[in-house]
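In: got a sequence here, can you build the structure:
(chains A, B and C)
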Amino acid sequence: MRGDIVLRIADLTLGFRRGRHTAEVLHGISLHVRRGEKVALVGESGSGKSVTARLALGRLQQEKGTLVTGTIEVAGIEATRDSARIAAARGKIVSMIFQDPTSALNPVFRIGEVFNEVLRSGGQRLSRRAAREKAVRALAEVHIPDPERCLDSYPFQLSGGMNQRVMIAMALVNEPALLLADEPGTALDVTVQAQTLKLMNEMIERHGTAVLFISHNLSVVREFADRVYVIYRGNIVEHGRTEQIFAEPRHPYTRALMQAAPKLVAAGLPDLPETSPAFRDPLIVHEGCGEPGEVAA
Amino acid sequence: MPILRLLLRRLAISILVLFGVSLLIFCIARVVPGDPARIALGPNATQAQVDALRAARHLDEPIAVQYLYFLRDLAHGDLGTSLYTKRPVTADIASYLPATLELVLVAGLMMIVFGIPLGVFAARFKGRWADHLGRFVAVLTVCTPAFVWAVILQLLFAYLWPIFPLEGRLPTNVPPPPGVTGFYLIDSLLAGNPSTFGLAAYHLVLPSLALALAGIGQTARLTRSSMIETYRRPYIEMSRAYGFAESRIARRYAFRPALIPTLTILGLDFAALLANAFLVERVFVWSGLSRYGVEVILRKDLDAIVGTVMVIATMFLLTNLIVDLLVSVINPRIRLGEGRARA
Amino acid sequence: MSTRPSSVAWIEFRSNPISILGLVLVVACVAAALLADWITPYPEHVGPIGDFTAINQGPSAAHWFGTDTIGRDVLTRIIYGFRMSLTMAVLVLAISMPVGVVLGLLAGYLGGWVEFVLMRLTDIFLAIPPLVLAMAIMGFLPATLTNAMLAVTVMWWPWYTRLVYNLVRSEAREGYVLAAEVIGASAPHVMFREILPNCAPAILTKLTLDVGFVVLMVSSLSFLGLGVQPPTPDLGSMVADGAKYMPDAWWLSVFPALAILVLVLGFNLLGDGLREAFDAEV
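Out: Predicted coordinates for the structure are as follows:
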């Protein structure tokens, strides 16, 4: 038993209804993340990977015209339909890191004020001094040189890299079971991005958090993830451990991706110029992988 | 301190603009066909009288010279003499301005106190029936001219259901409080006269409401769209992802950034208040600057018109300055020196 | 996504009932104004002569909106008032909009002292609250219809200048502008062929809203006696004249006031609808 399942998604479909048309975005995807694991969801833009993360947060379900079927379970909490419980869990049991850290922080509030609110939503009833101490410690943990000054600053006064660290600190300060990372560091330059990922690794290993990591950057995935799901147009097409996927990509789509992505530069996935009917081949699962409750391939 | 530098720069530009305004009005006044002295004195005056007036007002000299006279007088605080009241324009303005200011300030307060919360409320419940209803009512208030509101309010609440007084700042049998500021509300309190205070406030309700209604609608719409725009920002998504209470987001984390564009336009809406006061004062027989202004315009009283316009323009520019100050309080980028805001 | 941009905007517009309502109101008002000679019951009441046997009558079958103090049919005068208001608005905007837009383009794109002079000039005009400026101009001119229109035109152009100026400043750094400059396009070409079309949605939205606002401005001027003079029918002066007879002959003020509301509301809703439709495109 490798660890409890922190995120379980089974046969999830998602459609947006507008007027008489319904746009189907997800066609029945399944994935899981166990405690301590780092799982990547890889795909092009428009593949449905970002909405999957939003659904795991319980954020899309309540919008008008959204149709969701299937199962989403976060640490045992049912999140398929909008419920108060998943809303209460946000910030506490599940948290998220965003693509562009500077724009994800409120520009007219100091870092310290936002941190206080994060702690508050995490259900921690702390005195002002205790909250500040906790924030200082969290910032020190992510190697921010002058935590006190950082707390008193506004996001525009800090660099992108610093803001990213702040974001990571905020995400982990309430010890969530699951961390969703939406293209972390994409908005930063390459060296800063590398440092960020190293930091994330360190933090996650220390806290034992499970991570679902959305990305379109293959080299980052290779370095960081334990397992990989490849998603294409709302369908998971391949699933395996990182070594397996990169050594031996089996699905036509995955193979096309690997070939198209430049090997040397840590760039993102280009949108593939050609599509092929073979991309719609059914799911290929590598040995030893498989959804809980299913028979592994 | 960057904010001080900003303020001084704005002040300098405003003064430049005011000079431009004076030049503009001055030119319009003098360039227009017809003999201002003749128009002022009427067809029955003798030519000698007209000529005497022309000489006294330097009307036969070139425009540039006339403008210099104007500037010289301005430096001494002299805005000329009104041909209508026969008093110095400055004295006229000083006696009528407070009434208008009181009205405009109360209306402005109503705009903020009612308009902004309504906008926040509508944004939070966007798409529901309360939002649609609110938006429709807001559009109605914006589309109706202030004088129509004045007439309707007067009809409903002063005639049919006589809850409020019909006109004037005070009942005819009540003397105004001793003039310190000219604001009846303040002066009555200073004189220790609560009943006069009550009566003055009572008389203020309908006119300021008529004046404020369009502004309330506009402010509500502006706040609403600003809030909706802010709700789309990544940092609000982040707030929700972290489980911040929705009510706290509405009141605090979306509200403060949303206020920035709203405040800026609020300053411009204040201009509308100043302008529409002319209309409302007419309906409610308010002894304010607007009535004076209209009378003076109808009589083509040159000096008085120029003086009134200058004063109004000054007040407007001052308001914009104050609004910018408020915006910089909210927007740390301006306060701490990073140029234009991009909240 | 292979939808043409204009169709996206149209779908958005079409699906919003408020915008449709605005369009309907506008079309109705414009149609009424154009067909005034044929659809009004008493077209002869436009002038100073009314039906002396029917003075100050309330709404009735013969006169739906009643008659005024010299026996003129209120409904007829309101419809002709629509024609007057719309004509004035069109004339005012037909002059002030192009002038304002061109000045804004010049100021925004050419920069330097052109920008400084033009924008300071704009600031000066905008430093005076709109109605006050129009009133001040009217103060020096005989109060005729033409002069009222002139006054409003003179004070209206700066709004377009400021709008276009801000747009140009943000567009000037966009890729398509730089591309055009690199291949050696002349300044007028860049301004009018490249940047201006991108400003078109904002200008169009403002134009639609402005029809309503010009009508408000003119009716306010007329209310003060500085605009249209009798016997020409104008909605604002009708409200002013009727206000004296409140509350007894309420129809003299109420119906013209409602007419103003309907007209302005229509253009406002239409303008808002356009704005949302254009936003959806982005």
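
In: CA atoms for contacts and neighbours, from now on please.
Out: OK.

In: nearest spatial neighbour of the most centrally placed residue in chain C, skipping sequence neighbours?
Out: Residue closest to the average C-alpha location in chain C (C-alpha atoms, centre = their mean): C:Val211, at 1.6 Å. In space, not counting the residues next to it along the chain, C:Val211 is nearest to C:Ala89; the distance is 5.6 Å by C-alpha to C-alpha, 6 or more residues apart in numbering or on different chains.

In: quick check: that neighbour touching C:Val214?
Out: Yes - the criterion here is C-alpha atoms under 8 Å, and C:Ala89 meets it with C:Val214 at 5.7 Å.

In: returning to what we had before: confidence score at the residue nearest to C:Val211?
Out: Looking at C:Ala89, its pLDDT stands at 91.

In: flag every buried residue along the helix or strand containing C:Leu178.
Out: Per DSSP states H and E: C:Leu178 is located in helix C:175-182. Across helix C:175-182, burial judged by 16 or more other C-alpha atoms under 10 Å in any protein chain shown covers C:Val177.

In: go on, stretch A:85-100?
Out: Quick answer for stretch A:85-100 (16+ other C-alpha under 10 Å): A:86-100.

In: what does chain B put close to chain A?
Out: Within chain B, the positions adjacent to chain A are B:233-238, B:240-245, B:253, B:256-257, B:330-333, B:343 by C-alpha under 8 Å from any C-alpha of the partner chain.

In: let's see which of the residues you listed end up in helices.
Out: B:234-238, B:240-241, B:256-257, B:330, B:332-333 (DSSP state H).

In: widest-spaced pair of those?
Out: Within these, two members stand farthest from each other by C-alpha to C-alpha: B:Ala241 and B:Arg333, at 25.6 Å.

In: re the thing from before, lowest pLDDT pick from the ones in helices among the residues of chain B next to chain A?
Out: Where pLDDT dips furthest among these: B:Arg333, at 74.

In: what's the offset of the helix holding C:Leu178 from the middle of its chain?
Out: Distance of helix C:175-182 from the chain centroid (C-alpha atoms, centre = their mean, to the nearest Å) equals 35 Å.

In: name the helices or strands packed onto that helix?
Out: With contacts defined as 3 or more C-alpha pairs under 8 Å, 6 or more residues apart in numbering or on different chains; DSSP states H and E, there are no secondary structure elements packing on helix C:175-182.

In: what separates the closest residue to chain A within the stretch 1-150 of chain B from C:Leu269, distance-wise?
Out: Here the residue of the stretch 1-150 of chain B nearest chain A is B:Gly127; by C-alpha to the nearest C-alpha that distance is 9.7 Å. Distance of B:Gly127 to C:Leu269, computed by C-alpha to C-alpha, to the nearest Å: 17 Å.

In: for the closest residue to A:Asn201 other than its chain neighbours, give me the pLDDT.
Out: Setting aside the residues directly before and after it, A:Asn201 is nearest to A:Phe224 in space (C-alpha to C-alpha, 6+ apart), at 7.5 Å. A:Phe224 is assigned 86 on the pLDDT scale.

In: sorry, back to before: how about the helix or strand where the residue nearest to C:Val211 lies: buried residues?
Out: Using DSSP H and E, C:Ala89 sits in helix C:74-110. Judged by neighbour count (16+ other C-alpha under 10 Å), helix C:74-110 contains these buried residues: C:74-90, C:92-93, C:96-97, C:99-109.

In: and the helix or strand following that helix, what does it pack against?
Out: Downstream of helix C:74-110, the next assigned helix or strand under DSSP H and E is helix C:112-126. On a contact count with 3+ C-alpha pairs under 8 Å, 6+ apart, helix C:112-126 meets helix B:2-31, helix C:74-110, helix C:145-171.

In: helix C:112-126 and the second one, what's the angle between them?
Out: Counting by axes from the mean of the first three to the mean of the last three C-alpha atoms, to 10 degrees, helix C:74-110 lies at 150 degrees to helix C:112-126.

In: what about helix C:74-110, distance to the chain center?
Out: Relative to the centre of its chain, helix C:74-110 is centred 6 Å away, using C-alpha atoms, centre = their mean.

In: that helix versus helix C:145-171: what angle between them?
Out: 40 degrees.

In: packing partners for helix C:74-110?
Out: helix C:17-34, helix C:36-39, helix C:112-126, helix C:145-171, helix C:196-223, helix C:235-243, helix C:251-281.

In: and if you look at the first one?
Out: The elements that helix B:2-31 packs onto, with contact taken as 3+ C-alpha pairs under 8 Å, 6+ apart, are helix B:63-75, helix B:302-330, helix B:332-335, helix C:112-126, helix C:130-139.

In: send the alpha carbons of the third one over as CSV?
Out: Translated: helix B:332-335. Extracted in CSV, the C-alpha atoms of helix B:332-335 (Å, rounded to 0.1, in the frame of the first residue of the first chain):
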residue,chain,number,x,y,z
PRO,B,332,0.2,51.7,-3.6
ARG,B,333,1.9,52.0,-7.0
ILE,B,334,1.2,55.7,-7.2
ARG,B,335,1.9,56.3,-3.6
